[in-house]
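Student: need coordinates for the below:
(one chain, ligands or ions: 1)
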Amino acid sequence: MALRVPISFEFYPPKTDDQREQLDRTAARLKGQSPEYVSCTFGAGGSTLSYTPETVQRLHEKHGLDAAPHVSCMGGTREELRSLLKLYRALGCKRIVALRGDLPSGMARFGDFHYASELVQFIRDEHDGFFHIEVGCYPEMHPQAEDAFADMRHFKAKADAGADGAITQYFYNADAYFRFVDDARRMGISIPIVPGIMPISNFTQLRRFSEACGAEIPRWIGKRMQAYGDDTDSIRAFAAEFVANLCSRLMDGGAPGLHFYTLNLSKPTLNVLEFLR
Ligand code: FAD
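Tutor: Reported below is the predicted structural model:
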């Protein structure tokens, strides 16, 4: 049974042959879920720059998936970004996820752009209308924002610069999303805001990620996970049901799509989709 809304899957670019094989397995399994598109993240710094285009090409050519590269302000100078966009156009990409990115430790400077809104404007100016541009947004506030209202104004700047849609940071509190969308509409932001969904696989890792990106894990979930101890079957079943319920609530409340952060694993996402269907 098809879901009520389009879905998309996010992958990270593999760096080793083992990781490439894992992505191939995951992409092949998830393709069966008929995603609208898949996206591939971007890591700044040195050789990692080439992994995203390479992966996007692999997802296109080997798997026949519509792959959208993430492009960040850390991707270099205006000239370097210009070449990257040209390359993506030549590879057949029609959608870009435009971000500021985060400065990896040891890297001393940004490229020519400091905020995602400037990158969105650049993409619009250079390729007006060709790329569908997605941006990131934060129902629980970006951790570096001055406050939630300032963060919303900065989100609006990205929409005003020409973003076509937004994908949220992951969250486990549906009310944060609904409130965020209401506030965005009141501010005059009319682009679709698709919730980013993080299926739960490794709880320790999730807790670490969440501290860094400012996503709140409700206390009761942490306590449940702790109580399950090493009972991985129960953890898996509980996590899939909990995240599927979140997705249902979001769709019932009008979410226009679901974007899954897969971490290049198929099972946790498939478990959630199985519950949903
Ligand atoms: P921006 O919109 O530029 O905002 C960054 C911060 O600056 C916010 O606190 C904002 O409030 C503030 N700000 C914006 N404009 C101004 C202004 N004019 N003056 C003052 N403050 C301002 N990271 C990666 O490195 N690679 C990826 O592939 C990647 N993929 C992601 C995908 C999604 C869907 C999401 C939600 C995030 C992703 N990230 C990725 C993480 C993202 O790069 C970080 O969260 C980053 O810190 C912010 O990126 P942004 O595009 O939201 O930045």
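
Student: just to check, residue 76 is in contact with residue 111?
Tutor: Yes: assessed by C-beta atoms under 8 Å, residue 76 is found in contact with residue 111 at 4.6 Å. Heads up, the C-betas are built off the backbone N, CA and C, glycines and all.

Student: what's the overlap in contacts for these two?
Tutor: Common neighbours of residue 76 and residue 111, counting by C-beta atoms under 8 Å, 6 or more residues apart in numbering, are absent.

Student: what distance separates stretch 20-38 from the centre of its chain?
Tutor: Once both centres are worked out by C-alpha atoms, centre = their mean, to the nearest Å, stretch 20-38 turns out to sit 15 Å from its chain's centre.

Student: that one close to the ligand?
Tutor: No: Stretch 20-38 is not in contact with the ligand by C-beta under 6 Å from any ligand atom; minimum separation 12.8 Å.

Student: now do that stretch: everything it contacts.
Tutor: Counting by C-beta under 8 Å, 6+ apart, stretch 20-38 makes contact with 2, 6-11, 14, 55, 58-59, 62-68, 95, 257, 262, 264-266, 269-270, 273, all of which sit outside it.

Student: just the ones of the residues you listed in strands?
Tutor: Members of those lying in strands (criterion: DSSP state E): 7-11, 67-68, 95.

Student: now tabulate those in CSV and tack on distance to residue 202 and pLDDT.
Tutor: As requested, the ones in strands among the contacts of stretch 20-38 are exported to CSV (distance: C-beta to C-beta, whole Å; pLDDT from 0 to 100):
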residue, distance to residue 202, pLDDT
7, 22, 98
8, 22, 98
9, 18, 98
10, 17, 98
11, 17, 98
67, 25, 98
68, 26, 98
95, 29, 98
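
Student: rewinding a little: among the contacts of stretch 20-38, which ones are buried?
Tutor: Applying 16 or more other C-beta atoms under 10 Å to the contacts of stretch 20-38, the neighbour count classes 6-11, 14, 55, 58-59, 63, 65-68, 95, 257, 262, 264-266, 269-270, 273 as buried.

Student: and stretch 119-137, end to end?
Tutor: By C-alpha to C-alpha, to the nearest Å, the extent of stretch 119-137 from end to end equals 15 Å.
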